[in-house]
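> Next input, structure requested:
(one chain, ligands or ions: 2)
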Amino acid sequence: MTGFWVVIPAAGVGSRMLADRPKQYLPLAGRALIEHTLGCFLSHPRLRGLVVSLAADDPYWNSLDCASDERIGRAVGGSERADSVLNGLFRLLALGASDTDWVLVHDAARPNLQRADLDGLLEQLSRDPVGGLLAVPAKDTLKRAGADGRVAETVDRSVIWLAYTPQMFRLGMLREALQQALAAGVRVTDEASAMEWAGYAPRLIEGRADNIKVTRPEDLHWLEQQWPGALISREDEERRGDQTV
Ligand SMILES: Nc1ccn([C@@H]2O[C@H](COP(=O)(O)OP(=O)(O)OP(=O)(O)O)[C@@H](O)[C@H]2O)c(=O)n1
Ligand SMILES: C[C@](O)(CO)[C@H](O)COP(=O)(O)O
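Ligands and ions are numbered 1, 2, ... in the order given. Predicted coordinates for the structure are as follows:
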């Protein structure tokens, strides 16, 4: 497979995290969460370039060591994740990417992507006519909620998968799908849903369930317990409380 480009949407505020800063900048094993996320791509020999979409007033990025990495471009994030992704695609084009190149979109809030999953995605989709995404088959019993907050039905979980990232598509196909879906007012929560709206059927590539999106405090606490060497001491906890980046 030839090389690939990456967009990292990182312009969110992380409201569900209830933290003192956007969750992508919270510490995990001594580094900012986003630095772990970027590391999986920056160490890959086929990476052609990477763009992070940052909030226009992001005061944290420049304090990171990786901010000086010449392989990393920047785009200004938008009001929704899809806007941030689209701005990232345009930035990649300005950096030399073409519409026929593969682009991977990966949440800054998913720091635990393993190289084996990344390579599996690249290998299984490199000749696919559409592209696809890392996903995990549902493993719990699923309920559809009724308006009254009670169970309306149990959903057949055998056909339900949880969409993860990276999501991998040809840059031009994704750009057009995102532009048209957003212009039509479609709610786009991942790249695949824009491609589906455009009439494509992205391929599901099974990945690890621990490639979690850090969304709520317990997600980060769980990762800290999994992380090799993530002995978050009481001093680190206290430092997290009053640390200013
Ligand atoms: N306008 C936005 C919103 C989200 N994101 C990014 O998209 C990823 C997944 O979004 P989510 O988990 O919802 O992050 P937040 O929007 O920050 O979280 P919340 O919804 O709790 O505020 C995150 O890396 C986030 O930084 C983005 O780039 N631009
Ligand atoms: C892209 C994503 O991570 C796939 O599950 C998810 O849709 C992001 O949703 P969020 O509400 O922006 O976190």
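
> Any buried residues in stretch 122-132, and which?
Residues 122, 125, 130-132 are the ones in stretch 122-132 that count as buried (16 or more other Cβ atoms under 10 Å). C-beta coordinates here come from the backbone N, C-alpha and C atoms, glycine included.

> That stretch near ligand 2 anywhere?
No: residues of stretch 122-132 are not located near ligand 2 by Cβ under 6 Å from any ligand atom, the shortest gap being 12.8 Å.

> Endpoints of that stretch, how far apart?
End-to-end distance for stretch 122-132: 10 Å, by Cα to Cα, to the nearest Å.

> what does that stretch rub up against?
Contacting residues not belonging to stretch 122-132 are listed as 1, 4, 46, 102, 121, 167-170, 173-174, 192, 195, 200-205 [Cβ atoms under 8 Å, 6 or more residues apart in numbering].

> what's stretch 33-47 in contact with?
Taking Cβ under 8 Å, 6+ apart as the rule, stretch 33-47 contacts 1-6, 8, 10, 23-29, 50, 52, 64-66, 69, 71-72, 104, 106-115, 118, 122, 214, 220.

> Output stretch 19-35 in PDB, but only the C-alpha positions, please.
Extracted in PDB, the C-alpha atoms of stretch 19-35 (Å, rounded to 0.1, in the frame of the first residue of the first chain):
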ATOM      1  CA  ALA A  19     -12.400  18.700  33.600                       C
ATOM      2  CA  ASP A  20     -10.500  22.000  33.800                       C
ATOM      3  CA  ARG A  21      -9.300  21.800  30.200                       C
ATOM      4  CA  PRO A  22     -10.300  19.900  27.000                       C
ATOM      5  CA  LYS A  23      -9.900  16.200  27.500                       C
ATOM      6  CA  GLN A  24      -7.300  15.800  24.700                       C
ATOM      7  CA  TYR A  25      -4.900  17.800  27.000                       C
ATOM      8  CA  LEU A  26      -5.500  15.900  30.200                       C
ATOM      9  CA  PRO A  27      -2.500  13.900  31.400                       C
ATOM     10  CA  LEU A  28      -2.200  10.200  30.900                       C
ATOM     11  CA  ALA A  29       1.000   8.400  32.100                       C
ATOM     12  CA  GLY A  30       2.900  11.700  32.100                       C
ATOM     13  CA  ARG A  31       1.900  13.000  28.700                       C
ATOM     14  CA  ALA A  32      -1.100  14.800  27.200                       C
ATOM     15  CA  LEU A  33      -3.700  12.400  25.900                       C
ATOM     16  CA  ILE A  34      -3.300  13.700  22.400                       C
ATOM     17  CA  GLU A  35       0.400  13.000  22.400                       C
END
